[in-house]
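> okay, predicted coordinates and the sequence, questions at the end:
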Amino acid sequence: MNILVVVAILVAALIGTGLLARSQSRPVGLALLAICVLAVGYFWRQADQYREAFSSIAVGASQQAVMTKMGPPSRVTDGGVSVYGGSKSADELTPECTRELWYESALTPEQWAVCLNDSSIVVDKFHYASY
């Protein structure tokens, strides 16, 4: 979950609500609230798309197949970075994983990781919720 995105949407919604109280600023308040609703809808749909695409990816798929289904990753690591950003412990490392594609939800505490080997083939995948 991207805390900055969530806070920005909440602050914009509060400002928009406050602007509704004055008749001369009402159009700006409505526009700001509409932008907040659209942003929440966009990010919610993105998380749904990640969930759907992730469930259809099988071990043995190519990196190209992953990116066709899920789009460009939020970040790419060497397979040794944990969901928290630090180094993975020895028992968290995936054998053969030399590159990991990460997909992050902006609104929900979820991340999806796809581990690839040197041949850019999926060797494992992980869904982290409430990390």
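Good, I have the coordinates.
> what's the residue nearest the centre of the chain in contact with, if anything?
Closest to where the C-alpha atoms of the chain average out (CA atoms, centre = their mean) is Glu104, at 2.0 Å. Glu104 sits next to Met1, Asn2, Ser74, Arg75, Glu110, Gln111 when contact means CB atoms under 8 Å, 6 or more residues apart in numbering. C-beta coordinates here come from the backbone N, C-alpha and C atoms, glycine included.
> tell me the phi and psi of it?
Main-chain dihedrals, Glu104, degrees, to the nearest 10: phi -120, psi 140.
> what about the contacts of Glu104, which are in strands?
Among the contacts of Glu104, the ones falling in strands (DSSP state E) are Arg75, Glu110, Gln111.
> from those, pick the one nearest Val7.
Val7 lies nearest to Glu110 out of the ones in strands among the contacts of Glu104, by CB to CB, at 17.9 Å.
> please identify the nearest residue in space to that closest one, excluding sequence neighbours.
Ala129 (5.1 Å; CB to CB, 6 or more residues apart in numbering).
> and Val66, by the same measure?
Closest to Val66 by CB to CB, 6+ apart is Val114, at 5.3 Å.
> now do the strands in this structure.
Using DSSP E, the strands assigned to the chain run over residues 75-77, 99-104, 110-116, 122-129.
> mind checking the longest helix of this structure?
Identified as the longest helix of the chain according to DSSP state H is helix 26-56.
> list the buried residues in it.
Residues of helix 26-56 classed as buried by neighbour count (16 or more other CB atoms under 10 Å): Gly29, Leu32, Leu33, Cys36, Ala39, Val40, Phe43, Gln46, Ala47, Tyr50, Ala53, Phe54.
> do I have it right that the last one meets Met70?
Yes - at 6.8 Å, Phe54 and Met70 qualify as touching, with contact defined as CB atoms under 8 Å.
> buried set for the helix or strand of the chain with the lowest mean pLDDT?
Least confident helix or strand of the chain, by mean pLDDT, DSSP states H and E, is helix 3-19 with a mean of 93. Buried residues in helix 3-19, defined by neighbour count with 16+ other CB under 10 Å: Ile9, Ala13, Gly16, Leu19.
> what do you get for stretch 93-113?
Neighbour-count burial for stretch 93-113, counted by 16+ other CB under 10 Å, picks out 94, 97, 99-108, 110-113.
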